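> Predicted structure and sequence below. I'll ask about it afterward.
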Amino acid sequence: MSRFAMRFVAAAADIDELGHVNNAVWVRWIQDIATAHWASVAPAAHQAAYAWVVTRHAIDYRGNLAEGEGVTAETWVGVPKGARFDRHVRFTGDDGRVKVEAVTTWALIDRATGRLLRVREDIAAPFLAG
């Protein structure tokens, strides 16, 4: 299973009235790492022909981040089911504690038609290698 990691640091604009990273920012970071993972493993032809859309987010918030604090995010995908697969994301703080865990469901879209496509083996292979 191909795993991908990115680092995020909470900026002033990410902080809500409670003094920690806003929930909407965590969702943006989930999308950012998913997009970066796709860009890092998918052939250019696949990136040009296909897009991914989120159909579901399930997020468990286990800790907070304040401005200037960072997390390392790690993501990997499950086995495709038709046009969809689940993506797992775990954000671990610099203190070694898991701050947020998420499972998001993504669907594959044909850019030319806008229709859902079955996740073929050649599309899934770069995510599942390793």
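Yep, that arrived.
> Could you name the helices and strands sitting against the longest helix seen in the chain?
Counting by DSSP state H, the longest helix found in the chain is helix 23-41. Judged by 3 or more CB pairs under 8 Å, 6 or more residues apart in numbering; DSSP states H and E, the packing partners of helix 23-41 are strand 4-9, strand 50-61, strand 70-77, strand 84-93, strand 98-110, helix 121-128. Where C-beta positions appear, they are placed from N, C-alpha and C, glycine not excepted.
> and with 6 Å instead?
With contacts taken as 3 or more CB pairs under 6 Å, 6 or more residues apart in numbering; DSSP states H and E, helix 23-41 sits against strand 4-9, strand 70-77.
> what comes into contact with that helix?
Phe4, Met6, Phe8, Asp14, Ala73, Thr75, Arg87, Val89, Val100, Ala102, Pro126 (CB atoms under 6 Å, 6 or more residues apart in numbering).
> Sketch out the low-pLDDT regions of the protein for me.
1, 130 (pLDDT under 70).
> What are the buried residues along stretch 51-64?
Within stretch 51-64, the residues that qualify as buried are Trp52, Asn64, counting by 16 or more other CB atoms under 10 Å.
> Residues contacting that stretch, please?
Contacts to stretch 51-64, defined as CB under 6 Å, 6+ apart, come from residues 20, 97-107, 109, 111.
> Which of the helices and strands packed on helix 23-41 has the highest mean neighbour count?
strand 70-77 (a mean of 19; mean count of other CB atoms under 10 Å).
> what's across from Val77 in the sheet?
Val77 has these beta-bridge partners by DSSP bridges: Arg87.
> Pull the contacting residues for it.
Val77 touches Phe85, Arg87, Phe127, counting by CB under 6 Å, 6+ apart.
> Report the two of the contacts of helix 23-41 separated the most.
The two members of the contacts of helix 23-41 with the most space between them (CB to CB) are Asp14 and Pro126, at 30.3 Å.
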